[in-house]
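1. Model the following, please.
(one chain, ligands or ions: 2)
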Amino acid sequence: MASSSNLPIACNDHRVTVIGAGHVGSTLAHRIAQRNLANVVLLDIVPGIPQGIALDLMQAQGMDCHNREIIGTNDYMDTTGSDVVIITAGLPRKPGMNRDDLLKINAKIAVEVAEKAIARSPDALYIIVTNPLDVMTYLVWQTIGLPVSRVMGMAGMLDSARFQTFIAMELGVSIADVSGLVLGGHGDLMVPLPRYSTVRGIPITELMDEETIDRLVDRTRHGGAEIVNLMKTGGAYSAPASSTCAMVEAILHNQSRLLPVSSYLDGEYGLKDIFIGVPTRLGCRGVEKVVEINLTDTELAALHTSAESVRKNIKRAQEMLA
Ligand SMILES: NC(=O)c1ccc[n+]([C@@H]2O[C@H](COP(=O)([O-])OP(=O)(O)OC[C@H]3O[C@@H](n4cnc5c(N)ncnc54)[C@H](O)[C@@H]3O)[C@@H](O)[C@H]2O)c1
Ligand SMILES: O=C(O)C[C@H](O)C(=O)O
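-> Ligands and ions are numbered 1, 2, ... in the order given. Take a look at the predicted model:
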């Protein structure tokens, strides 16, 4: 990476490229540096924006107490040899839209940036954030032709974090004791799993009545839209950046964490040739294993319904691109 200064940089020289220096991308670059995980290349199509953001983040270095280098660029040459590439480039939705309305415009962007990134970082792991998430992850995987273990989408972390938050808020307990699990596609048909969502190991089905759980499930399913409707111009970016950063940490620190990730399925849960949110063991080689948990008939049917919607949109996107 061409150094933008003479400052000493951390000797663990992992390099993470973040493509798209908008709300999610720039916040993610900050998180990665602050947690001292890697040097960061922040790339955007707009001249000046990534350079300005990178300079601003470098000027926070002293207060943030890290010595990671963050460079901003419009040139893929600077991304060469990255360990992890994260794609956040693309439009966010506006109030009244659903994520699938971004299909046409974001498919073109995701494919274009993926082609350029893979040419410079053929050995990287790729994490997709751009919406509609599961469809974009599939398209990027098809475009770059890497093994499925090296390509994944971030959404389940965010949806599960939302469920976790709403459970903690409802019960008035510390979020540290709460764990939420949401599977499926990152859309209105996502599948929050109350039976697998717990407070200190106690399923929330033992702690709340059905009506309350249904209310929290519904709020989780529409958690993205709730923020889009409040903000009017753009969507959530802080929790999405933290969620993606946790995945980067699991990879770079080889943590073998069990996280909800949009992973490729080859028969697991009765689904094939699709990326969708499932419990996934994540380490330095990427997806180590898709973990199959027992689902009731209703839960499995909900996962399949969500998968059908993702599949339909993959087909639509492929037709548009063709
Ligand atoms: N998966 C998730 O859970 C999740 C969470 C939040 C946001 N998102 C999605 O992430 C995407 C980004 O959201 P945001 O809030 O950061 O949007 P944003 O508008 O703030 O930033 C998008 C950035 O992408 C850049 N860009 C556009 N085309 C590009 C190209 N060809 N090459 C390089 N950069 C390009 C833009 O210039 C802009 O800076 C959206 O699609 C949003 O829906 C997904
Ligand atoms: O809802 C959106 O459009 C952005 C993101 O997918 C989210 O869930 O916050």
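
2. how about stretch 191-209: buried residues?
-> For stretch 191-209, a neighbour-count test (16 or more other Cβ atoms under 10 Å) marks 191, 192, 193, 194, 196, 197, 198, 199, 204, 207, 208 as buried. Glycine gets a C-beta too; all of them are placed from N, C-alpha and C.

3. Show me which residues of this structure sit near ligand 2.
-> Residues of the chain lying close to ligand 2 (Cβ under 6 Å from any ligand atom) are 92-93, 99, 131, 158, 186, 224-225, 227-228, 235-236, 240.

4. filter those residues by proximity to ligand 1?
-> 92, 93, 131, 158, 186, 235, 236, 240.

5. what distance separates the start and the end of stretch 92-100?
-> With Cα to Cα, to the nearest Å applied, stretch 92-100 spans 11 Å between its terminal residues.

6. Name the surrounding residues that touch that stretch.
-> Here stretch 92-100 makes contact (Cβ atoms under 8 Å, 6 or more residues apart in numbering) with 22-23, 101-102, 131-133, 135, 186-188, 224-225, 228-229, 232-235, 313.

7. Most proximal residue of the stretch 1-150 of the chain with respect to ligand 1?
-> For the stretch 1-150 of the chain and ligand 1, the shortest gap (Cβ to the nearest ligand atom) falls at residue 22, measuring 1.6 Å.

8. Among the buried residues of stretch 191-209, which one sits closest to ligand 2?
-> Closest to ligand 2, out of all of the buried residues of stretch 191-209 and judged by Cβ to the nearest ligand atom, is residue 192, at 13.3 Å.

9. and that closest one, what are its bridge partners?
-> Residues in a beta bridge with residue 192, per DSSP bridges, are residue 182.

10. care to break this protein down by domain?
-> Dividing the chain into domains by automatic domain parsing, as the record does, gives the ranges 15-154, 156-321.

11. possible to save those domains as a markdown table with mean pLDDT and distance to residue 6?
-> Formatted as a markdown table, those follow (pLDDT from 0 to 100; distance: least, Cβ to Cβ, whole Å):
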| stretch | mean pLDDT | distance to residue 6 |
| --- | --- | --- |
| domain 15-154 | 98 | 11 |
| domain 156-321 | 98 | 25 |
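
12. Please identify the deepest-packed of the ones you listed.
-> Among the domains of the chain, domain 15-154 has the highest mean neighbour count (mean count of other Cβ atoms under 10 Å), at a mean of 21.

13. ok so, going back, among the buried residues of stretch 191-209, name the ones in strands.
-> Counting by DSSP state E, those place 191, 192, 198, 199 in strands.
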